[in-house]
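Visitor: one predicted model, sequence on top.
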Amino acid sequence: MRPTACAAIMALLPLAAIGGETLVLSDGHVRSGNPRSAAAYLAIENRGAGDCHLRAVESELAARVELHRTLDEGGVMKMVPLAEGITIPAGETRHLRQGGDHVMMMGLHAPVAEGQLVPLSLDFGDCGTVALQLPVTPHVTPRRQGAAHH
Ligand SMILES: [Cu+2]
């Protein structure tokens, strides 16, 4: 199919179909290493024909939620905010995981406990908003990096 024909077909699809059917979220869980913050991890698969962009995340349990990237700077693990969000290209999967990109919950209104479900709302812009609840799993200090993440 030529690109022009492809674009025309995409334009006819309602937004709801693009958002609802396209994004497949899996392997979601939350880990908290201290009472004030927690990190959420998950895999985001984009089965659609167009790129999707995770712009922002919200949770009623935290004062602030940011998207972070963990960087290894000469053996020192450092987190930087991803102000531009995270792009999930068409047909690809992005893994948010410990030691990599993650959802950072800061200013928890109350500590989260193992087994608790954490509500999150993921804003994918034109691809829609996805609400989900992720279970809190035991905090594990990454062995490979040898440094506590949160
Ligand atoms: Cu972080």
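Guide: Looks like it arrived, so ask away.
Visitor: need the residue closest to the centroid of this structure.
Guide: The residue lying closest to the centre of the chain (C-alpha atoms, centre = their mean) is Val103, at 5.2 Å.
Visitor: secondary structure element for it?
Guide: For Val103, the host element (DSSP states H and E) is strand 101-108.
Visitor: Val80 too?
Guide: Using DSSP H and E, Val80 falls in strand 76-81.
Visitor: also His53?
Guide: Assigning secondary structure by DSSP H and E places His53 in strand 52-54.
Visitor: show me where the chain has strands.
Guide: Along the chain, the stretches classed as strands by DSSP state E are 23-34, 37-46, 52-54, 56-58, 62-73, 76-81, 86-88, 93-96, 101-108, 117-123, 129-135.
Visitor: dump those strands to a markdown table, plus mean pLDDT and distance to the ion.
Guide: No exception for glycine: its C-beta is placed from N, CA and C like everyone else's. Shown next, in a markdown table, are those (pLDDT from 0 to 100; distance: least, C-beta to the ion, whole Å):
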| stretch | mean pLDDT | distance to the ion |
| --- | --- | --- |
| strand 23-34 | 94 | 10 |
| strand 37-46 | 96 | 6 |
| strand 52-54 | 97 | 15 |
| strand 56-58 | 97 | 12 |
| strand 62-73 | 96 | 3 |
| strand 76-81 | 93 | 4 |
| strand 86-88 | 97 | 13 |
| strand 93-96 | 97 | 11 |
| strand 101-108 | 98 | 4 |
| strand 117-123 | 96 | 14 |
| strand 129-135 | 94 | 15 |
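Visitor: same for the strand holding Val103, what does it pack against?
Guide: When contacts are defined as 3 or more C-beta pairs under 8 Å, 6 or more residues apart in numbering; DSSP states H and E, strand 101-108 sits against strand 37-46, strand 62-73, strand 93-96.
Visitor: please save the CA atoms from it in CSV.
Guide: The C-alpha trace of strand 101-108 is given here as CSV (Å, rounded to 0.1, in the frame of the first residue of the first chain):
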residue,chain,number,x,y,z
ASP,A,101,12.5,4.4,31.9
HIS,A,102,9.8,4.5,34.6
VAL,A,103,6.9,6.3,36.0
MET,A,104,7.9,8.2,39.1
MET,A,105,5.4,8.9,41.8
MET,A,106,6.5,11.6,44.2
GLY,A,107,4.9,13.0,47.3
LEU,A,108,2.9,9.9,48.2
